[in-house]
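A.B. asks: Here is my input, please return the structure:
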Amino acid sequence: MDYEQYKLKEYKYWAVYLNVNQYFLGRVYIWSKRKGLVDLMDLSEKEQKELFEICKQVKQALTELFRPDLFNWASLGNISSQCHLHVIPRYEKPRLFNLEVFVDERWGKNYAPYNYDFKISEETLLKIRDAVKEKLKAIK
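C.D. replies: Numbers count the residues shown, from 1 in each chain. Model prediction:
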């Protein structure tokens, strides 16, 4: 899969990508550009500072676009050891985007396990990507 097409914004130490599984509308991940096995707690001060600024920007963008009721933040490293952080918007009630309904059936519970086979149209996925990309571009 060409993940670069889902890149939302690039920073000095990090890049933000749209997760292709949009079971949680607006789910993104923040990917470290530093290569090798790096634990979240071993980030440099500059990497930490930039990461927290990005998190605030992502939260603002997703809040303005989709109005999540809360956010889950996860740094697990189980599948990829590359340092990254998942941003998982959570919704108490269904959301409608591009005529597709998104239902957080895990509301009030841990976000996982969720429907890993959840699919939306490519058109909707790209519209979500473009909307989040534009919001992030506008936030300073």
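A.B. asks: Check the gap between His86 and Lys59 for me.
C.D. replies: 13 Å (Cβ to Cβ, to the nearest Å). All C-beta atoms are positioned from the backbone trio N, CA, C, and that covers glycine.
A.B. asks: helix or strand right after the top helix by length along the chain?
C.D. replies: Secondary structure of the chain read by DSSP state H shows that its longest helix is helix 45-66. Once helix 45-66 ends, the next helix or strand along the chain (criterion: DSSP states H and E) is strand 70-74.
A.B. asks: Can you list the buried residues in that following strand?
C.D. replies: 71-72 (16 or more other Cβ atoms under 10 Å).
A.B. asks: What mean pLDDT does it get?
C.D. replies: For strand 70-74, mean pLDDT is 95.
A.B. asks: pull the CA atoms of the lengthiest strand in the chain into CSV?
C.D. replies: Secondary structure assigned by DSSP state E gives strand 84-90 as the longest strand of the chain. This file holds the C-alpha atoms of strand 84-90, laid out as CSV (Å, rounded to 0.1, in the frame of the first residue of the first chain):
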residue,chain,number,x,y,z
HIS,A,84,4.3,6.4,16.5
LEU,A,85,1.2,7.6,18.2
HIS,A,86,-2.4,6.7,17.2
VAL,A,87,-5.0,9.4,17.6
ILE,A,88,-8.4,7.8,17.9
PRO,A,89,-11.4,10.0,18.0
ARG,A,90,-14.3,8.5,19.9
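A.B. asks: Alright, that wraps it up for me.
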